[in-house]
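Student: Please find the sequence and the predicted model below.
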Amino acid sequence: MSKLLFRALVFSLLAILLGAGLAWMLSQSVSVPLKNLVKVFQKVEQGDLSQVAPVVSSDETGELTVFFNRMLARVSTLQSKLENQVAERTAQLAAVIEVGRAASAILDPDELIEKVVNLITDRFGHYYSAIFLLDTTDRWAELKNATGEAGRVLRESHHRLAVDRKSMVGTAISQKQARIALDVGLEPVRFNNPLLPYTRSEIALPLIIGDRTLGALDVQSTRESAFKQEDIETLQSMANQVAVALENARLFQETNQRLQELQVTQRQSLRETWSSLTANNQFEYGVGDDIASETKSTMNVPLALRD
């Protein structure tokens, strides 16, 4: 009887030890991955999205860790894309501000146009930028400036496009609306320039001031669908600023020319007036306060420069 009781106690003790061991192993298989996840959570909370939780089991806990790592990788990718978009948008806004400064400071149209096309190419990273202005007949859009070697060749050859619906520039000017081709291969209305073979998308924006169209801004990219909605809005804002600046420059040049004409007319009138006065009369003049007492008549004339 005592032997049976002893064996029963031994088996009971072994069962308790075995159960405790299994319970400890089970708790470790659950608690260790969870602790690892908690540590990764803490680092992610501090902004470190490069963390990866170690997979230490193949059960439900391990599967949860795998899904967590996938989610973390997607969040990291989305954050990287968002940061790139913010940086790109910031560069675009900086370009708009710089164009605004140039528009308010530069009164030479040729200098302003050159500044704008180079800014668009440099800051937006596009393949080609150009500005066309209408000629005196309003039938042709003449290239005033463009970027790159192709732009130089086109300027030297006095490149121009008819204001009709056979090109994107002509259509944008004639319709006073933006013309966008996200895939130039599918665009039916477009001038295919052999000097720009790598163009994959293009946008033409009219330069409008009031109810008048001055010309168009043309931008081309080597990427398909390169122009998103925010890009279009930014470029249109720049085009509007350029239109206002060009109109101000034209008015300044006209005012300056008229002023020069008035000055020439005034000088001619003064010459004729004084010539008629001195033709039959002898005049003398004195400088200072002492005037000869024998002078019978005097005339004081102020010597004024501008005001």
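Tutor: Sure thing, it's come through. Residues are numbered from 1 along each chain as shown.
Student: which residues does the nearest residue to Phe191 once chain neighbours are set aside contact?
Tutor: If you skip the residues right next to it in sequence, Phe191 has Ser167 as its closest partner in space, 3.8 Å away by Cβ to Cβ, 6 or more residues apart in numbering. From N, CA and C alone the C-beta is placed, and that goes for glycine too. Counting by Cβ atoms under 8 Å, 6 or more residues apart in numbering, Ser167 makes contact with Leu161, Val189, Arg190, Phe191.
Student: same deal with Leu214?
Tutor: By Cβ under 8 Å, 6+ apart, the contact set of Leu214 is Leu133, Leu134, Leu207, Ile208, Ala243, Leu246, Glu247.
Student: Please give me every residue in contact with the last one.
Tutor: If a contact means Cβ under 8 Å, 6+ apart, then Glu247 has Ile209, Leu214 as its contacts.
Student: Shouldn't it be within a helix?
Tutor: Yes. The assignment for Glu247 is a helix, going by DSSP: H, G, I helix; E, B strand; the rest coil.
Student: Show me what secondary structure element comes after the helix or strand harbouring Val169.
Tutor: Using DSSP states H and E, Val169 falls within helix 168-175. Using DSSP H and E, the helix or strand that follows helix 168-175 in sequence is strand 179-181.
Student: following that next one, which helix or strand shows up next?
Tutor: strand 201-209.
Student: Could you list the paired strands of whichever helix or strand comes after that following strand along with their orientation?
Tutor: Per DSSP H and E, the first helix or strand lying C-terminal to strand 201-209 is strand 212-221. Next to strand 212-221 in the sheet, as set by DSSP bridges, lie strand 128-134 (antiparallel), strand 201-209 (antiparallel).
Student: in strand 212-221, what's buried?
Tutor: Neighbour counts over strand 212-221 (16 or more other Cβ atoms under 10 Å) mark Thr213, Leu214, Gly215, Ala216, Leu217, Asp218, Val219, Gln220, Ser221 as buried.
Student: Extract the CA atoms of that strand and return them as PDB.
Tutor: Taking C-alpha atoms only, strand 212-221 is exported to PDB below (Å, rounded to 0.1, in the frame of the first residue of the first chain):
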ATOM      1  CA  ARG A 212      -6.400  89.800 -74.300                       C
ATOM      2  CA  THR A 213      -4.200  86.800 -75.000                       C
ATOM      3  CA  LEU A 214      -0.500  87.600 -75.300                       C
ATOM      4  CA  GLY A 215       0.800  84.200 -76.100                       C
ATOM      5  CA  ALA A 216       1.400  80.800 -74.400                       C
ATOM      6  CA  LEU A 217       3.700  79.000 -72.000                       C
ATOM      7  CA  ASP A 218       4.700  75.500 -73.300                       C
ATOM      8  CA  VAL A 219       6.200  72.800 -71.000                       C
ATOM      9  CA  GLN A 220       7.200  69.300 -72.100                       C
ATOM     10  CA  SER A 221       8.300  66.300 -70.000                       C
END
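Student: Now stretch 159-167: buried residues?
Tutor: By neighbour count on 16+ other Cβ under 10 Å, the buried set for stretch 159-167 is His159, Arg160, Leu161, Val163, Ser167.
Student: Flag the shaky bits of the stretch 201-307 of the chain, pLDDT-wise.
Tutor: Flagging of the stretch 201-307 of the chain using pLDDT under 70 yields the residue ranges 280-298, 305-307.
Student: how big is the angle separating the host helix or strand of Arg271 from helix 168-175?
Tutor: Take DSSP H and E as the rule and Arg271 turns out to sit in helix 229-278. Here helix 229-278 runs at an angle of 70 degrees relative to helix 168-175 (axes from the mean of the first three to the mean of the last three Cα atoms, to 10 degrees).
Student: So Arg200 sits against Ala181, correct?
Tutor: No. Between Arg200 and Ala181 there is no contact, the gap being 9.1 Å when judged by Cβ atoms under 8 Å.
Student: more neighbours, the two?
Tutor: Using other Cβ atoms under 10 Å, the more surrounded residue of Arg200 and Ala181 is Ala181, with 21 against 17.
Student: The more buried one and Asp138: what is the separation?
Tutor: From Ala181 over to Asp138 the distance is 24 Å, taken as Cβ to Cβ, to the nearest Å.
Student: what do you get for Met71?
Tutor: Applying Cβ to Cβ, the value for Met71 to Asp138 is 59 Å.
Student: Next: Asn145.
Tutor: Applying Cβ to Cβ to Asn145 and Asp138 gives a distance of 20 Å.
Student: So for the two, which residue has more residues nearby?
Tutor: Using other Cβ under 10 Å, the more surrounded residue of Asn145 and Asp138 is Asn145, with 23 against 12.
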